[in-house]
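Enquirer: have a look at this prediction, sequence included:
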Amino acid sequence: NAGVTQTPKFQVLKTGQSMTLQCAQDMNHNSMYWYRQDPGMGLRLIYYSASEGTTDKGEVPNGYNVSRLNKREFSLRLESAAPSQTSVYFCASSGQLNQPQHFGDGTRLSIL
Amino acid sequence: GESVGLHLPTLSVQEGDNSIINCAYSNSASDYFIWYKQESGKGPQFIIDIRSNMDKRQGQRVTVLLNKTVKHLSLQIAATQPGDSAVYFCADPYTGTASKLTFGTGTRLQVTL
């Protein structure tokens, strides 16, 4: 009963390095999302994909890119990591947009 | 801009008591709300949702109340248990166009024995 799986769980990068966070869901959901969670800020949407083949910017897209590889997988890429991108990143999926989302357990990313 | 917010950052209750977590919203067009629970080190987990054509919805030990007049909703947890200790978020999936599922910052529920 996997649900949403994120890899890796932890990562430490140096400023300027690149990194791809992976996300896969096994619930046959159409929509997928990437969030970041910072203390006192709540969850903020980075990018989302309403359906396979489409991606759209969320609230805080700068410094990130995404790829909806297929219906199951949605990856988040940091091309040149900055300390301000230190955060916990959550991937989520839902049957359709504006339906309850199922979340992974997060990737804890530190950028030095 | 529009926002979804929570009144109290931390709520401490005794085991067995009832808990009430509040949430205010500002977008009068919002018509669907979701409550999530987030345990330490884990992602948010869906608890219950409510649409604006309802004032109240009950689940297992949880009840959500919606007051559209004052744009307020609350999550009530009956007979609070240690396993209920977590951060609780209300979320509005309809806020804005670029921002799907706007979350409040959360209320931390601490259950004391």
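Expert: Nice, thanks for sending it over. Residues are numbered from 1 along each chain as shown, chains lettered A, B, ... in the order given.

Enquirer: touching, residue A:58 and residue A:50? I think so.
Expert: No: Residue A:58 is beyond contact range of residue A:50, at 11.7 Å (criterion: C-beta atoms under 8 Å). Glycine gets a C-beta too; all of them are placed from N, C-alpha and C.

Enquirer: out of the two, which sits in the busier spot?
Expert: Of the pair residue A:58 and residue A:50, residue A:58 is the one with more neighbours under other C-beta atoms under 10 Å in any protein chain shown, namely 21 against 18.

Enquirer: for beta bridges, what are the partners of the residue nearest to that one when sequence neighbours are not counted?
Expert: Closest residue to residue A:58 apart from its sequence neighbours, by C-beta to C-beta, 6 or more residues apart in numbering or on different chains: residue A:45 at 3.1 Å. Beta-bridge partners recorded for residue A:45 (DSSP bridges): residue A:35.

Enquirer: what are the bridge partners for the residue of chain A found nearest chain B, then?
Expert: Nearest residue of chain A to chain B, counting by C-beta to the nearest C-beta: residue A:103, 3.1 Å away. Counting by DSSP bridges, residue A:103 forms beta bridges with residue A:92.

Enquirer: ok, residue B:12 next?
Expert: Beta-bridge partners recorded for residue B:12 (DSSP bridges): residue B:110.

Enquirer: please look at it and residue B:112 and confirm they touch.
Expert: Yes: when contacts are counted by C-beta under 8 Å, residue B:12 is listed as touching residue B:112 (6.1 Å).

Enquirer: so what sits against both of those two?
Expert: Counting by C-beta atoms under 8 Å, 6 or more residues apart in numbering or on different chains, residue B:12 and residue B:112 have no contacts in common.

Enquirer: ok, now which ones touch the residue in chain B that chain A sits nearest to?
Expert: Closest residue of chain B to chain A, C-beta to the nearest C-beta: residue B:43 (3.1 Å). Contacts for residue B:43 (C-beta under 8 Å, 6+ apart) come out as A:4, A:90, A:92, A:103, A:104, A:105, A:106.

Enquirer: apply 6 Å and report the result again.
Expert: A:90, A:103, A:104, A:105, A:106 (C-beta atoms under 6 Å, 6 or more residues apart in numbering or on different chains).

Enquirer: how about residue B:76?
Expert: B:20, B:63.

Enquirer: repeat that for residue B:18.
Expert: residue B:78.

Enquirer: please redo it, this time with the cut-off set to 8 Å
Expert: Applying C-beta under 8 Å, 6+ apart, the residues near residue B:18 are B:76, B:77, B:78, B:79, B:80.

Enquirer: next: residue B:9.
Expert: Contacts of residue B:9 by C-beta under 8 Å, 6+ apart are B:105, B:106, B:107, B:108.

Enquirer: can you pick the most crowded of the residues you listed?
Expert: residue B:106 leads the contacts of residue B:9 on contacts (other C-beta under 10 Å) with 24 neighbours.

Enquirer: spatially nearest residue to that one, not counting backbone neighbours?
Expert: residue B:87 (4.2 Å).

Enquirer: so who does that neighbour touch?
Expert: B:37, B:38, B:106, B:107, B:108, B:109.

Enquirer: would a markdown table of these with pLDDT and secondary structure be doable?
Expert: Shown next, in a markdown table, are these (pLDDT from 0 to 100; DSSP: H, G, I helix; E, B strand; the rest coil):
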| residue | pLDDT | secondary structure |
| --- | --- | --- |
| B:37 | 94 | strand |
| B:38 | 91 | strand |
| B:106 | 84 | coil |
| B:107 | 88 | strand |
| B:108 | 90 | strand |
| B:109 | 94 | strand |
